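J.: Need a 3D model of the sequence below.
(chains A and B)
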Amino acid sequence: MKKIIFLKFCFFFFSLTAQEFITIQSTTSIRDSGFYNYIQDKYQEESSTKLKVVAVGTGQAIENAKKCDADLLFVHHEPSEIKFVKNGYGLYRNVIMHNDFILVGPKNDPAGIKIKKNIKEALKIIYNSKHSFVSRGDKSGTHLKEQELWALVGIKIERKKSDWYFESGSGMGSSLNLAVNIGAYILSDRSTWISFGNKKNHTIIVENEPLLVNNYGIIPINPKNCPTTKSLEAEKFIYWLKSKEGKSLINNFRVNGQQVFFSSQDVN
Amino acid sequence: MSDFSEILTNSIRLIFSFNTELSDIVFLSLKVSLSALLISCLIGLPIAAYSSVKAFFGKKFFILLVNSLMGLPPVFVGLVLYIVFSKSGPLGFFEILYTPTVMVLAQIILILPIIISISFETLESIYFEYEEMLKSLRVNFRDSILIILWDARYCLLTTVLAGLGRAMSEVGAIIIVGGNIAYYTRVMTTTIALETSKGNLELALALGTILILISISLNFIVFMVKHFTKNLSYD
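T.: Prediction:
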């Protein structure tokens, strides 16, 4: 009898939410901007489904989703997302919203980039001046983007020998903290930068460059691969995000008075 | 240095504007860590008492093992639990990944060796003194265990505190298995990690200060209990 009471007690203790929820494996930038807190309340008016957001880097989010620890994947690296769907882990991919990546650096621009709109030139200048540069180094969407850009300008960084190239191996915010403190350049997504609270003497060096577009794709997990996944609730949420209401919510979301996400056209 | 004092004053202001999200986080931290502590004591203290009273094969090895497990890296524990409780993992059907339950489990694994190891030393020394008396009075095995546990109850408070300290301050394991989900598995240490990474140093520092204040008050309570019960038990 005592055992039963104890078990019941344990059950009571831990059953915080008996409510329906969907688990979203998300990139950190969407969470850190406060976007989920913002739409959670609005979505509650529409549905009783709660959002449980696990925010990690895009690479890790994809791995976790492959292990079925998600109902939705909300990340930002197109080639990985397409591969994820193609390999049967996801049902389809929807680009929900976008913003852009930016190159952040010290205000006085010590490497002398000055060209506001050309990321290729900027990277070459950094490489040639050997001014310190912080890389995420964690297979996140931003890190993969950065590697694509280096490849685009034909620079291969020898990680071991390059004492100007710092791999932080941690999230966007932690990497920004590092870059700010050592006065380095860094590639960041715009939303994390806007909501980042420790900017000190750093500012945007390169922005509004077509090469730096940042698409956020959402993918429902394939129930064929993960039988317990809640596809119905997941797809309902996607449908809602793509609706007129969802779109206007995305476009009306502000961080420090600035718009950080732009709803995308309906293209799969 | 003005930077630091500014952050400090702002964080103190934040503590006094104690909002509900913050108090939820503090409450969840306490709930998870105290549950882990309670369960670890229920398992660990009997094991320690048994080992100190009874000589069994491989006892020295067992103690050596437990002692080395005290240094388990939390991230490693988190990783193993994540793999095991992932939906595609061997125990995935429990569906406890990303819940407070698995956070409690992670903390139990981390503090159980501390509870066993430290209390074993205390209990062993007590049993060393009691052994002859207990044997001459023909006290049976079960009662011997209960007697030394009871007589050591105030000394064991230190053990409990050490365990609680490890549980409350831990971040590596629970951020992996809990997922740091807002309002659900976000505790004080994971919030500190998160807010630091967002560059919100004031909030992070405020939370750290609260964590230390909680720790000081718990230690103070235990200190008082020990102080006023000095004469009541074995010391």
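
J.: List the buried residues in stretch A:259-268.
T.: Applying a neighbour-count criterion of 16 or more other CB atoms under 10 Å in any protein chain shown, one finds A:260-261, A:263-264 buried in stretch A:259-268. Glycine gets a C-beta too; all of them are placed from N, C-alpha and C.

J.: next one: stretch A:162-176
T.: Residues of stretch A:162-176 classed as buried: A:165-168, A:170-176 (neighbour count, 16+ other CB under 10 Å).

J.: Contact residues of chain A facing chain B?
T.: A:13-14, A:16-17, A:23, A:32, A:36-37, A:52-55, A:64, A:67-69, A:170-174, A:176-177, A:195-199, A:226, A:228 (CB under 8 Å from any CB of the partner chain).

J.: Mind checking which of these are buried?
T.: Counted by 16+ other CB under 10 Å, the residues of chain A next to chain B give A:14, A:23, A:32, A:36, A:52-55, A:64, A:67-69, A:170-174, A:176-177, A:195-198, A:226 as buried.

J.: count of residues packed around the closest residue to residue A:183 other than its chain neighbours?
T.: Leaving out its chain neighbours, the residue that sits closest to residue A:183 by CB to CB, 6 or more residues apart in numbering or on different chains is residue A:106, at 4.9 Å. By the criterion of other CB atoms under 10 Å in any protein chain shown, residue A:106 has 20 neighbours.

J.: Would you state the predicted confidence (pLDDT) at residue A:106?
T.: Residue A:106 is assigned a predicted lDDT (pLDDT) of 95.

J.: Equivalent analysis for residue A:160, please.
T.: For residue A:160, the pLDDT comes out at 82.

J.: Quick check: it is in a helix.
T.: No - per DSSP: H, G, I helix; E, B strand; the rest coil, residue A:160 lies outside any helix segment and is coil.

J.: so where's chain A uncertain?
T.: Within chain A, the ranges that satisfy pLDDT under 70 run A:1-19, A:266-268.

J.: Would you map the strands across it?
T.: Per DSSP state E, chain A carries strands over the ranges A:21-27, A:50-56, A:72-75, A:94-106, A:133-135, A:165-167, A:185-189, A:202-206, A:213-220, A:254-255, A:258-259, A:262-263.

J.: Report the distance from the first one to the chain centre.
T.: Put plainly, it is strand A:21-27. Strand A:21-27 sits 12 Å away from the centroid of its parent chain (CA atoms, centre = their mean, to the nearest Å).

J.: The fourth one too?
T.: When distances are taken as CA atoms, centre = their mean, strand A:94-106 is centred 9 Å away from the chain's centroid.

J.: For that strand, which strands pair with it and how are they oriented?
T.: Note on strand A:94-106: by DSSP bridges, its sheet partners are strand A:185-189 (antiparallel), strand A:202-206 (antiparallel), strand A:213-220 (antiparallel), strand A:262-263 (antiparallel).

J.: can you state the direction angle for the first one and strand A:21-27?
T.: In this case it means strand A:185-189. With axes from the mean of the first three to the mean of the last three CA atoms, to 10 degrees defining the directions, strand A:185-189 sits at 150 degrees from strand A:21-27.

J.: And the third one, by the same measure?
T.: Our comparison of strand A:213-220 with strand A:21-27, counting by the same axes, to 10 degrees, yields an angle of 150 degrees.

J.: List the buried residues in strand A:213-220.
T.: Of the residues in strand A:213-220, A:214-220 count as buried by neighbour count, 16+ other CB under 10 Å.

J.: What is the nearest of those to chain B?
T.: Using CB to the nearest CB, residue A:220 is the member of the buried residues of strand A:213-220 that sits closest to chain B, with 15.2 Å.
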